[in-house]
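Trainee: Compute the structure for the input listed below.
(one chain, ligands or ions: 2)
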Amino acid sequence: MSGTSLDGIDAVLADLSQSGPQLLLASHYLPFDDALKQALLELHHPKQDELHQAQLTGNQLAKMYAAAVAPLLEQSGLPRSEIHAIGCHGQTIRHRPEHGYSLQIGNAALLAELTGIAVVSDFRSRDIAAGGQGAPLVPAFHDRVLRHPDFHRVIVNIGGISNLTDLAPGKAATGFDCGPGNLLMDAWCSRRLGRPYDENGAWAASGNLLPELLERLLADPYFAMPPPKSSGRDLFNIAWLERQLPVGENAANVQATLLELTCRSIVQAILDHCQGATEIYLCGGGAHNRTLRDRLAALLPASTVKTTEALGVDGDFLEATAFAWLAQQALHGKPANLPQVTGAKHPCILGAIYRNQQDAI
Ligand SMILES: Nc1ncnc2c1ncn2[C@@H]1O[C@H](COP(=O)(O)OP(=O)(O)O)[C@@H](O)[C@H]1O
Ligand SMILES: [Mg+2]
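Mentor: Ligands and ions are numbered 1, 2, ... in the order given. Next up is the predicted model:
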């Protein structure tokens with residue numbers, strides 16, 4: 001998995017015949033270097049020669065995905081012939097379901113060639129073809145591993161974009177993208193401090209909230225739009241922020257306001273759409289941000305706010321594990337989208353499969 005934060009690759013080796021924490025056999029994180037991150041950022045916007053550049057960057061990504069697979073085999077001691085498949089989300093460079101597509105690059109054919117392991121990729125297109133958002137796709141997996149029969153849980157994944165899964169007892173799982181997770185905070189931190197992210201939200205905590213700016217940012221129609229809905233860098237990016245930002249604003253105060261924006265958009269989503277939730281579990285990189293966690297807990301006094309580690313699940317690798325499961329669903333010919341989440345007209349088998357000759361059919 002490599003997500004909208006553009007931080008790097010989360011790779012897991014999962015034994016899906018197991019449940020709970022035992023299913024994670026190995027994990028590895030491979031960060032992107034600055035040049036790759038910059039190339040990916042540029043591919044989010046129209047540019048001269050972008051088709052060629054996207055393909056070259058996709059090839060580079062495939063080599064990195066393959067490099068992330070090797071340590072998993074080493075850690076686990078399993079030969080590649082034992083691995084059923086790689087579920088490779090790829091790197092989103094455009095997410096435009098309103099135009100009928102979501103584009104992930106990463107050359108799955110090359111990844112299959114380099115690893116000798118079957119690859120499942122392009123998980124979002126079929127759901128979009130069936131009228132859905134193509135996102136979020138993790139709620140079905142959250143439902144499988146994190147549901148409790150009696151307690152009303154909400155899982156909040158704080159990646160570049162934040163998304164939630166509502167697991168109300170006795171009801172089908174629902175979910176949607178709440179809005180910006182880390183990506184605006186990351187972008188502002190990178191621009192003003194030259195650092196990829198604001199560790200533990202320390203810089204944000206040193207600033208003061210700018211109420212007028214927060215109000216302008218929260219006025220974006222995305223936040224009040226009813227689900228199904230999904231988002232990406234196509235909407236939330238530094239240009240979006242700068243359109244609302246008066247010149248000369250104190251940079252730490254802007255960061256404090258962006259952290260509050262992430263929290264308030266998540267909290268509003270929970271209050272509006274997950275009534276009665278008593279347990280909130282955070283995962284994704286944003287769950288490491290102590291200031292963010294504390295602020296979410298303060299804004300949600302009626303619920304407990306913990307990370308998925310409290311359930312024995314490593315929140316840094318949950319999304320990657322979800323894509324292993326999505327790959328398994330594809331190989332078994334089983335649907336994996338939740339139409340009530342994505343808005344698709346029907347359940348769909350997601351993903352394109354790249355097999356090798358030795359793979360059993
Ligand atoms: N200690 C930390 N403090 C603050 N933010 C953090 C910390 N660790 C990770 N993050 C944030 O998490 C992001 C990565 O989260 P991730 O779940 O990988 O997102 P994505 O799925 O979009 O790639 C980083 O870009 C950073 O913003
Ligand atoms: Mg990431």
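Trainee: got the residues of the protein near ligand 2?
Mentor: For the chain, the residues in contact with ligand 2 (C-beta under 5 Å from the ion) are 3, 5, 7. C-beta here means a position set from N, CA and C on the backbone, and glycine is covered the same way.
Trainee: the strands in the chain, which residues?
Mentor: For the chain, the strands defined by DSSP state E cover 8-14, 24-31, 86-87, 91-96, 101-105, 119-121, 153-158, 161-167, 174-180, 279-283, 304-307, 352-354.
Trainee: Do I have it right that P71 meets H28?
Mentor: Yes: at 4.4 Å, P71 and H28 qualify as touching, with contact defined as C-beta atoms under 8 Å.
Trainee: When the two are compared, which one has more neighbours?
Mentor: Between P71 and H28, counting by other C-beta atoms under 10 Å, H28 is the more crowded of the two (19 against 16).
Trainee: I'd assumed A11 was in contact with that one.
Mentor: Yes: proximity of H28 to A11 meets the contact threshold set by C-beta under 8 Å, at 4.7 Å.
Trainee: What is the end-to-end distance of stretch 215-225?
Mentor: End-to-end distance for stretch 215-225: 16 Å, by C-alpha to C-alpha, to the nearest Å.
Trainee: Looking at it now, give me its mean pLDDT.
Mentor: The average of the pLDDT scores along stretch 215-225 is 98.
Trainee: ok, S102 - contacts?
Mentor: By C-beta atoms under 8 Å, 6 or more residues apart in numbering, the residues touching S102 are 92, 94-96, 124-125, 128, 134-135.
Trainee: Is it bridged to anything, and to what?
Mentor: H95 (DSSP bridges).
Trainee: what about the residue of the stretch 201-350 of the chain found nearest ligand 2, neighbour count?
Mentor: Of all residues in the stretch 201-350 of the chain, G285 sits closest to ligand 2, at 6.0 Å by C-beta to the ion. Under the neighbour criterion other C-beta under 10 Å, G285 is assigned a count of 20.
Trainee: Grab the nearest non-local neighbour of L214.
Mentor: T257 (5.2 Å; C-beta to C-beta, 6 or more residues apart in numbering).
Trainee: Distance of that neighbour relative to G207?
Mentor: As judged by C-beta to C-beta, to the nearest Å, T257 and G207 stand 8 Å apart.
Trainee: Quick one: mean pLDDT for stretch 235-244?
Mentor: For stretch 235-244, the per-residue pLDDT averages 97.
Trainee: oh, I was asking about stretch 37-47
Mentor: 97.
Trainee: Pull out the buried residues from stretch 330-345.
Mentor: If you call a residue buried by 16 or more other C-beta atoms under 10 Å, then stretch 330-345 has these buried ones: 330-331, 335-339, 341-344.
Trainee: who's in contact with whatever residue of the stretch 101-250 of the chain ends up closest to ligand 2?
Mentor: Closest approach of the stretch 101-250 of the chain to ligand 2 (C-beta to the ion) occurs at G159, with a separation of 6.1 Å. When contacts are counted by C-beta under 8 Å, 6+ apart, G159 touches 3-5, 181-182, 284-286, 319.
Trainee: what's the most distant pair in the buried residues of stretch 330-345?
Mentor: L331 and G343 (25.4 Å; C-beta to C-beta).
Trainee: Adding distance to ligand 1, write the strands of the chain out as TSV.
Mentor: Listed next are these as TSV, based on distance: least, C-beta to the nearest ligand atom, whole Å:
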stretch	distance to ligand 1
strand 8-14	6
strand 24-31	9
strand 86-87	15
strand 91-96	9
strand 101-105	13
strand 119-121	16
strand 153-158	7
strand 161-167	7
strand 174-180	11
strand 279-283	8
strand 304-307	12
strand 352-354	21
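Trainee: can I get those strands in TSV with distance to L217?
Mentor: Formatted as TSV, those follow (distance: least, C-beta to C-beta, whole Å):
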stretch	distance to L217
strand 8-14	27
strand 24-31	29
strand 86-87	34
strand 91-96	20
strand 101-105	25
strand 119-121	34
strand 153-158	17
strand 161-167	14
strand 174-180	9
strand 279-283	21
strand 304-307	23
strand 352-354	37
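Trainee: Look up how far N163 lies from T321.
Mentor: For T321 relative to N163 (C-beta to C-beta), the value is 16 Å.
Trainee: Do you know the pLDDT at P21?
Mentor: 69.
Trainee: Over to Q91?
Mentor: In this model, Q91 carries a pLDDT of 98.
Trainee: what about it, distance to G179?
Mentor: In this structure, Q91 and G179 are 21 Å apart, going by C-beta to C-beta.
Trainee: cool, and A239?
Mentor: Following C-beta to C-beta, the distance that separates A239 from G179 is 16 Å.
Trainee: Which single residue of the stretch 51-200 of the chain approaches ligand 1 most closely?
Mentor: Closest approach of the stretch 51-200 of the chain to ligand 1 (C-beta to the nearest ligand atom) occurs at G159, with a separation of 2.9 Å.
Trainee: E82: neighbour count?
Mentor: Neighbours of E82 under the rule other C-beta under 10 Å: 11.
Trainee: and what of A26?
Mentor: Neighbour tally, A26, other C-beta under 10 Å: 17.
Trainee: so it makes contact with L13?
Mentor: Yes: look at A26 against L13 with C-beta under 8 Å: they come within range, at 4.2 Å.
Trainee: what is in contact with those two at once?
Mentor: Contact criterion C-beta under 8 Å, 6+ apart; residues bridging A26 and L13 by contacting each: 72-73, 75-76.
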